[in-house]
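*Asks:* From the sequence below, what's the structure:
(one chain, ligands or ions: 1)
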Amino acid sequence: MPRLPPMPRLDWSDPKAPRAEAFDDVYYSRRGGLDEAEAVFLAGCGLPEVWKNRDHFALCELGFGTGLNILAAWRAWKSSKRPHAQLHISTIEAFPLARADAARALAAFPEISELSQRLLGQWPVRAYAPQRLWFPEDGLSLTVFIGEAETILAGLTGQFDAWFLDGFAPARNPGMWSLASLAHIARLSAPGARVASFTVAGEVRRSLRAAGFVVEKKPGFGAKRERLEAILETPTPEAPSIYPYAPSHPKRVAVLGAGIAGAACAQALARRGVEAIVLEAASALGAGASGNPAALVMPRLDRGGVLKDFYLAAYLHAVATYEALGVFERCGVAEIGEDDAALTDLLADPPLPEAWFSALSENTALHARAGLVRPGAAIEKMLSGATLMCEAPVTALERAGEGWVLRAPDGRALLKADAVVLACGSALSQFAAAQFLPIALSRGQIEWGAGAAPAHALVRGSYVAPFDGGVLFGATFDKSASDSAAVADGASRTRNLAALVGLAPDIAASVNADALQSRAAIRVTTPDFAPIAGLLPDAHAWLAQYADLAHGRKIETDAMSPAHAGVYVIGGLGARGLTLAPLLGEIIASEMYAEPPLLPQIARDAIHPARFLHRALKRR
Ligand code: SAM
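*Replies:* Take a look at the predicted model:
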């Protein structure tokens, strides 16, 4: 399978409704796509009445297409929602439309042009990466999964309240309506979940019934005699996960650490209208690695592995986040391949469209949309919806009722919160409950100053980027025993300069080594190089509950996975903090409120803090 999702071939002979050539079917009714969306999909799911009294509602669509159904749902949501309510829409699309095609189709609906423009402004990138778009003013999130419906559904967990089934006609597109897909829909449905579709094909009705839905035919829209409504009567119980994911629904969240990880969590909470208080031990922002003057935001492109799509998604989310905040310097990054053929292979079969990733030469890729971010500026903007408390070192958490009291080293209570996010880098190991996490410290030094700025940043192991009319380059990567090693030194500068000579001799010759500035910082790494994000397991209780895993036995218990209720960790971001933090912050906030998933469960588990306990047991 190519790494880039296929684009549909469209026939525009009827300007009111594009037709997909491969399926010989229209995206929506020629008699009025917006009216059809309301009559078939919204009414079919009992909307807007069903969500009127809900604070959270989760809707999933199969077949995103032009986005018209989503826009119809958005319009109805805006006019019927409770003030603080949130609608989470997920949608799956195997053949993503180009933005220009969607714009052309949506131009036929001037009555929703304001919403269409907002959707087109964040139109998803054609890549196999889940993408979450936010419209916080309307309490709406939209998660676009690009891929084949059955495969995407099979990878997800969670619960949706309503479903729009809008693949092309089952006779022309049986894959979208497979028995397996409909069984996954039942598995992913909340009790009483509703399903709406334009088709009443016998196969579809039978499969939905077999999956536990009660199915009805209703009078159809336009030329169609009938449409389908279904409601879930017999939910399929899902086996509990052995990693803790229990939501905590906090009203007030304390985030420990005002680095990029903490700031990303605070931003994700603020867009949900949640009170976030960020406590920073230092007297001002910019203490740790986030205090570097700038850092690159660029993708880690893997050719395989469960986190391949996650890394792609994180990069897209980071670029979108920093661009929206106005803190992104899009200089582009030229990545020169190492000795293996990985980059050449990626260039031959790219995972991103050309505007994002293209060949500069056989073994050099241009990430045209990558660039530089000044963490200080980004963090400040991300914290704009939160309260920041500096000189507030927290060294102990104490359970108090349903929440936590945060204590300073002298025992003073600093704050009480319903949930806590440990985003404190190497200080994570101060907390007894987090000491099982096998994090390591790595010292990194960078240099910056006058020099011949390259057109794009250059990367091959080390990097050099255009910065303030000069250059910024580095970085060293040295194992470190403690935080106190974060002082810049001449030996590291010598190594950085030597690396620059190897990477870009002309630039190295233009640099006056004596006039450079340096900064060293500590990064936190993990043994598997993946970050850590999620609810903190209660290590002792977890190991006892799942001891059978050590003996290769199956886990029979239905008990919840033991956790420190409401305590989350985000860390181990290594040298990729700026690229990974925005998506990880979003994932943590999303899980606090049991929102629909953003990642396939297998990827989600691969960054969960409990994975280390799991591996330790399996090794026994
Ligand atoms: N809801 C869309 C709108 O508002 O424009 C129209 C949906 S159109 C009838 C069907 C959509 O399903 C197309 O965009 C098509 O590419 C997508 N599709 C078809 N087969 C699919 C599959 N197996 N998995 C995911 N999407 C699929």
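
*Asks:* When you work out contacts or count neighbours from here on, use the C-alpha atoms and nothing else.
*Replies:* Will do.

*Asks:* Chain neighbours aside, what residue packs nearest to residue 334?
*Replies:* residue 366 (4.4 Å; Cα to Cα, 6 or more residues apart in numbering).

*Asks:* Ignore what I typed, I meant residue 257.
*Replies:* Nearest non-adjacent residue to residue 257 (Cα to Cα, 6+ apart): residue 424, at 4.5 Å.

*Asks:* any idea how far the one you found is from the ligand?
*Replies:* Distance, residue 424 to the ligand, by Cα to the nearest ligand atom, to the nearest Å: 40 Å.

*Asks:* Near the ligand, which residues of this protein are found?
*Replies:* 27-28, 63-69, 92-95, 147-149, 166-168, 175-176 (Cα under 6 Å from any ligand atom).

*Asks:* can you pull out the strands in the stretch 101-250 of the chain?
*Replies:* Applying DSSP state E, counting those that start in this stretch to the stretch 101-250 of the chain gives strands spanning 131-135, 140-146, 160-165, 189-197, 213-219, 226-232.

*Asks:* Oh, that last question was meant for the stretch 351-500 of the chain, not what I typed.
*Replies:* Listed in chain order, the strands of the stretch 351-500 of the chain (DSSP E, counting those that start in this stretch) span 358-361, 364-367, 371-373, 387-389, 396-400, 403-407, 413-417, 419-422, 440-449, 457-460, 462-467, 470-474, 478-480.

*Asks:* which other residues reach the fourth one?
*Replies:* Looking back up the chat, that one is strand 387-389. Identification of contacts with strand 387-389 by Cα atoms under 8 Å, 6 or more residues apart in numbering yields 258, 276, 277, 278, 279, 280.

*Asks:* Dump these to CSV, plus distance to residue 499, pLDDT and neighbour count.
*Replies:* Converted to CSV, those look like this (distance: Cα to Cα, whole Å; pLDDT from 0 to 100; neighbours: other Cα atoms under 10 Å):
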residue, distance to residue 499, pLDDT, neighbour count
258, 31, 97, 32
276, 42, 98, 28
277, 41, 98, 23
278, 38, 98, 26
279, 37, 98, 25
280, 34, 97, 25
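
*Asks:* picking up where we left off before, ranking the strands of the stretch 101-250 of the chain by burial, who's on top?
*Replies:* Among the strands of the stretch 101-250 of the chain, judged by mean count of other Cα atoms under 10 Å, the one packed with the most neighbours on average is strand 160-165 (a mean of 25).

*Asks:* Run through the helices of the stretch 251-400 of the chain in chain order.
*Replies:* Assigned by DSSP state H, counting those that start in this stretch, the helices in the stretch 251-400 of the chain fall at 260-270, 308-325, 342-348, 375-382.

*Asks:* circling back to that earlier point, okay, the strands of the stretch 351-500 of the chain in JSON lines with distance to residue 215 next?
*Replies:* As requested, the strands of the stretch 351-500 of the chain are exported to JSON lines (distance: least, Cα to Cα, whole Å):
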{"stretch": "strand 358-361", "distance to residue 215": "49"}
{"stretch": "strand 364-367", "distance to residue 215": "49"}
{"stretch": "strand 371-373", "distance to residue 215": "51"}
{"stretch": "strand 387-389", "distance to residue 215": "50"}
{"stretch": "strand 396-400", "distance to residue 215": "48"}
{"stretch": "strand 403-407", "distance to residue 215": "44"}
{"stretch": "strand 413-417", "distance to residue 215": "45"}
{"stretch": "strand 419-422", "distance to residue 215": "41"}
{"stretch": "strand 440-449", "distance to residue 215": "55"}
{"stretch": "strand 457-460", "distance to residue 215": "57"}
{"stretch": "strand 462-467", "distance to residue 215": "59"}
{"stretch": "strand 470-474", "distance to residue 215": "62"}
{"stretch": "strand 478-480", "distance to residue 215": "61"}
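
*Asks:* Quick check, the residue in the stretch 301-450 of the chain closest to the ligand?
*Replies:* Relative to the ligand, the nearest point of the stretch 301-450 of the chain is residue 309 (16.9 Å; Cα to the nearest ligand atom).

*Asks:* Hmm, that residue is touching residue 130, no?
*Replies:* Yes: contact criterion Cα atoms under 8 Å: residue 309 and residue 130 qualify, at 7.5 Å.

*Asks:* higher neighbour count, those two?
*Replies:* residue 130 (28 against 22; other Cα atoms under 10 Å).

*Asks:* for the more buried one, what are its contacts?
*Replies:* Per Cα under 8 Å, 6+ apart, neighbours of residue 130: 143, 144, 145, 146, 309, 310, 313, 598, 599.

*Asks:* where's it relative to the ligand, distance?
*Replies:* 13 Å.

*Asks:* From here on, call the first residue 482.
*Replies:* Got it, the first residue is 482 from now on, which makes the last one we talked about residue 611.

*Asks:* Identify the residue spatially nearest to that residue, adjacent ones excluded.
*Replies:* If the residues on either side of it in the chain are set aside, residue 611 comes closest to residue 626, at 4.7 Å by Cα to Cα, 6+ apart.

*Asks:* give me the beta-bridge partners of the one you found?
*Replies:* Taking DSSP bridges, one obtains residue 573 as the residues bridged to residue 626.

*Asks:* circling back: would you format the helices of the stretch 732-881 of the chain as CSV with mean pLDDT included?
*Replies:* Converted to CSV, the helices of the stretch 732-881 of the chain look like this (pLDDT from 0 to 100):
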stretch, mean pLDDT
helix 741-751, 98
helix 789-806, 98
helix 823-829, 94
helix 856-863, 97
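
*Asks:* Next, format those helices as JSON lines and append distance to residue 967.
*Replies:* Conversion of those to JSON lines gives the following (distance: least, Cα to Cα, whole Å):
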{"stretch": "helix 741-751", "distance to residue 967": "18"}
{"stretch": "helix 789-806", "distance to residue 967": "26"}
{"stretch": "helix 823-829", "distance to residue 967": "33"}
{"stretch": "helix 856-863", "distance to residue 967": "17"}
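
*Asks:* would you turn the strands of the stretch 582-731 of the chain into CSV with distance to residue 1069?
*Replies:* Shown next, in CSV, are these (distance: least, Cα to Cα, whole Å):
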stretch, distance to residue 1069
strand 612-616, 14
strand 621-627, 15
strand 641-646, 19
strand 670-678, 21
strand 694-700, 32
strand 707-713, 29
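
*Asks:* tell me the contacts of the residue of the stretch 782-931 of the chain closest to the ligand?
*Replies:* 609, 610, 611.

*Asks:* what number of residues lie near the first one?
*Replies:* Yep, that's residue 609 we're talking about. For residue 609, the neighbour count with other Cα under 10 Å is 20.

*Asks:* Switch the contacts of residue 790 over to JSON lines; also include distance to residue 938 and pLDDT.
*Replies:* Formatted as JSON lines, these follow (distance: Cα to Cα, whole Å; pLDDT from 0 to 100):
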{"residue": "609", "distance to residue 938": "26", "pLDDT": "98"}
{"residue": "610", "distance to residue 938": "25", "pLDDT": "98"}
{"residue": "611", "distance to residue 938": "27", "pLDDT": "98"}
